[in-house]
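In: build me a model:
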Amino acid sequence: MRSLFILLMLAPCMFQAQTYTHPTVGISNTYAGACMVNTCSGTYYDNGGAGGNYSANINAIYRTFCPSTAGMCVRATFTAFSMNDTYFLCTGPNSCCDYLQILNGPAQNSPALYNNCITAPGTITSTSSSGCLTFRHTTDGSVQLGGWAATLSCVACAGGPTGTSNQDCVNAIQICTDSPFSSTVSGPGLASESCVGCTGAGGEVYSSWYKFQVANTGTLGLIIDPTNNADDYDFALYGPGAACGALGSPIRCSYAANSNNTGLGNGAVDASEDVTGDAWVSTLSVTAGEVYYLMVNQWSPTAAGFTLDWNLTGGASLNCTPLSVELKDFFCKQDERSMAVAWTTLTEKNSDYFILEKSEDGTNFFPLIQSKAQGESTSPTDYFFYDNQPVVGVNYYRLTEVDINGEKTTFDMTACNFSLDALRIKTMRIYNQSGSLIKEMNGEDLDVKATFTNMILPDGVYILETVGFDGSLERIKLVQLMH
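Out: Modelled structure (predicted):
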């Protein structure tokens, strides 16, 4: 059963199907024109959209759609198709000069379900264990036609993704020693989690997620050693303090088009590289208590697996004790005059309490609350807190979990902007830092932002006190007034 700490009222949301268009150029020296998308609904057009023709000279650029629900496979139902441009000197299938390939899987080398331009694809359904379909478009410079329109959906399939394997971050396997891993993953999972940084070109293809915690400070290196040296593996490392719902950008990343070993070390000085790299990035200084997530991506479904070898120097070691808390997400959001801060744990073990801290500059933090943890839990738990004194501008929050034995884990901070744009009240008062009243205004429906725009106050720290129509009184700290 899911647990909830501090009741939060959520308004119902209306979801509309997304519209997608096909890209025309590859990202970061690849043929991938966009990162993988997990969805079970949407409308998909060539790059000309609903009313235009596709572009000339598209060089086999592709994009991939994968299911967002376990046990499902993506289906594309074509409602329009115009690409019958043929010439006997053209090298495409059936002498097509422009043509579309629909591939059964998440990679540019997945087997083709459709490869033509003369007849419309009709309805195409993935039978891949990934549940994904990949669309690859090639055109020349002669004739550009109307292209296609397709409706994306998902259908139940016996071999689709399970949603329980470590293809997704939430199911990451904790590791602390040199370990061999088989190559049994069927695709990229149910979430497009690695779409920032060097892997943003194509995202995940056949991915595995791992997590680890640093026990002693030092330097971290690692080697991903393929069982078959002809296999191509990529990786992205997130942290410290990353959470599956808030990974941020990878701090070490290689998407190099190289076979054989890859990893952190080998004398490398760069932190990230695309397909033109040499498969190695620099080692990393780590601190005791830090938590990291590692995504290992294999390019081909036939890869034979790999061994993950650690190279720990300078006193570094890893904690082999299971993590006390698996954090799914940590975020903030403005809620009228307050800032709502929330986090969700997937599991908890020997957890004692959380410390939520705040900063106005992202560097100097002070404690806001100490919240009791679950202790032992195998179900998701939601925690909420309302900061009733947000700073106008950026507010920074940091979360630390403390075990029963006193060990601490600090997660990545989150930040949100607090704006006066929508703040409308009936009374407002401005005090200086010493507490003296500078100005008071009353009205039927005061626009706070407009009022400040018309005021001339020197830069400094002020307190805005507002009275709502229900008589509620709020105070907000203004660090700086911009005119």
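
In: center of this protein, which residue is that?
Out: By CA atoms, centre = their mean, the chain has its centre lying nearest to E193, at 4.1 Å.

In: over to the residue nearest to G315 when sequence neighbours are not counted: give its phi and psi.
Out: Distance criterion CB to CB, 6 or more residues apart in numbering; nearest residue to G315, sequence neighbours excluded, is G218 at 4.2 Å. The C-beta positions use only the backbone N, C-alpha and C, and glycine is treated the same way. Phi and psi for G218, reported as degrees, to the nearest 10, are phi 170, psi -150.

In: what's opposite G218 in the beta bridge?
Out: G218 has these beta-bridge partners by DSSP bridges: V286.

In: so who does it touch?
Out: By CB atoms under 8 Å, 6 or more residues apart in numbering, the contact set of G218 is 285-286, 312-317.

In: among these, name the buried ones.
Out: Those of the contacts of G218 that meet the buried threshold are 286, 312, 316, by 16 or more other CB atoms under 10 Å.

In: tell me the one of the residues you listed nearest E440?
Out: Distance to E440 across the buried ones among the contacts of G218 (CB to CB) is lowest for V286, with 53.4 Å.

In: close enough to count as contact, the closest one and T217?
Out: Yes: counting by CB atoms under 8 Å, V286 touches T217, with 6.7 Å between them.

In: quick one: low-confidence parts of the stretch 151-300 of the chain?
Out: In the predicted model of the stretch 151-300 of the chain, no residue satisfies pLDDT under 70.

In: and the strands in it?
Out: 173-174, 179-181, 206-216, 218-226, 233-238, 252-254, 262-264, 272-273, 280-281, 284-286, 291-298 (DSSP state E, counting those that start in this stretch).

In: so which of the ones you listed comes closest to G471?
Out: strand 291-298 (45.0 Å).

In: CA atoms only for that closest one, dumped as PDB, please.
Out: Only the C-alpha atoms of strand 291-298 are listed here, as PDB (Å, rounded to 0.1, in the frame of the first residue of the first chain):
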ATOM      1  CA  VAL A 291      24.900   7.700  -4.300                       C
ATOM      2  CA  TYR A 292      25.300   7.200  -8.000                       C
ATOM      3  CA  TYR A 293      23.300   5.600 -10.800                       C
ATOM      4  CA  LEU A 294      24.900   4.000 -13.900                       C
ATOM      5  CA  MET A 295      23.200   3.300 -17.100                       C
ATOM      6  CA  VAL A 296      25.000   0.800 -19.400                       C
ATOM      7  CA  ASN A 297      23.700   0.700 -23.000                       C
ATOM      8  CA  GLN A 298      24.400  -2.000 -25.500                       C
END
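
In: burial of G265, as a residue count?
Out: 19 (other CB atoms under 10 Å).

In: contact partners for it?
Out: Going by CB under 8 Å, 6+ apart, G265 touches 221-223, 280, 282-283, 311.

In: how about the residues you listed, which pair is most distant?
Out: Across the contacts of G265, the longest distance by CB to CB is 13.8 Å; it joins I223 and S282.

In: helices of the stretch 51-200 of the chain, start to end?
Out: Remark: no helices are assigned in the stretch 51-200 of the chain by DSSP state H, counting those that start in this stretch.

In: and for the stretch 351-483 of the chain?
Out: 448-453.

In: can you pull the poorly scored residue ranges out of it?
Out: 421-424, 444-454, 456, 469-470, 476-483.

In: could you pull out the strands in it for me?
Out: Using DSSP E, counting those that start in this stretch, strands in the stretch 351-483 of the chain cover 351-359, 365-372, 376-377, 381-387, 393-403, 408-410, 414-418, 424-432, 437-447, 462-467, 473-478.

In: got the buried residues for the second one?
Out: Translated: strand 365-372. 365, 368, 371.

In: same check, this time on the fourth one
Out: For strand 381-387, the neighbour count (16+ other CB under 10 Å) marks 381-383, 385, 387 as buried.

In: closest to N115 out of these?
Out: Nearest to N115, judged by CB to CB, of the buried residues of strand 381-387 is D382 at 47.4 Å.

In: distance of the closest one from A342?
Out: Taking CB to CB, to the nearest Å as the measure, D382 falls 7 Å from A342.

In: check the offset of stretch 103-111 from the chain's centre.
Out: Counting by CA atoms, centre = their mean, to the nearest Å, stretch 103-111 is centred 23 Å from the centre of its parent chain.

In: for it, buried residues please.
Out: Buried residues in stretch 103-111 (16+ other CB under 10 Å): 103-108, 110.

In: make TSV out of the residues you listed and add pLDDT and distance to D274.
Out: TSV is the format used below for the buried residues of stretch 103-111 (pLDDT from 0 to 100; distance: CB to CB, whole Å):
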residue	pLDDT	distance to D274
L103	97	22
N104	96	27
G105	95	22
P106	94	19
A107	91	17
Q108	90	15
S110	93	22
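
In: nearest to T414 among these?
Out: P106 (30.2 Å).

In: now do the contacts for the residue lying closest to P226 once chain neighbours are set aside.
Out: Distances taken as CB to CB, 6+ apart place F306 nearest to P226, at 4.9 Å, with adjacent residues excluded. Listed by CB under 8 Å, 6+ apart, the contact partners of F306 are 180-181, 183, 224-227, 231, 233, 296.

In: show me the beta-bridge partners of F306.
Out: Beta-bridge partners, per DSSP bridges, of F306: F181, P226.
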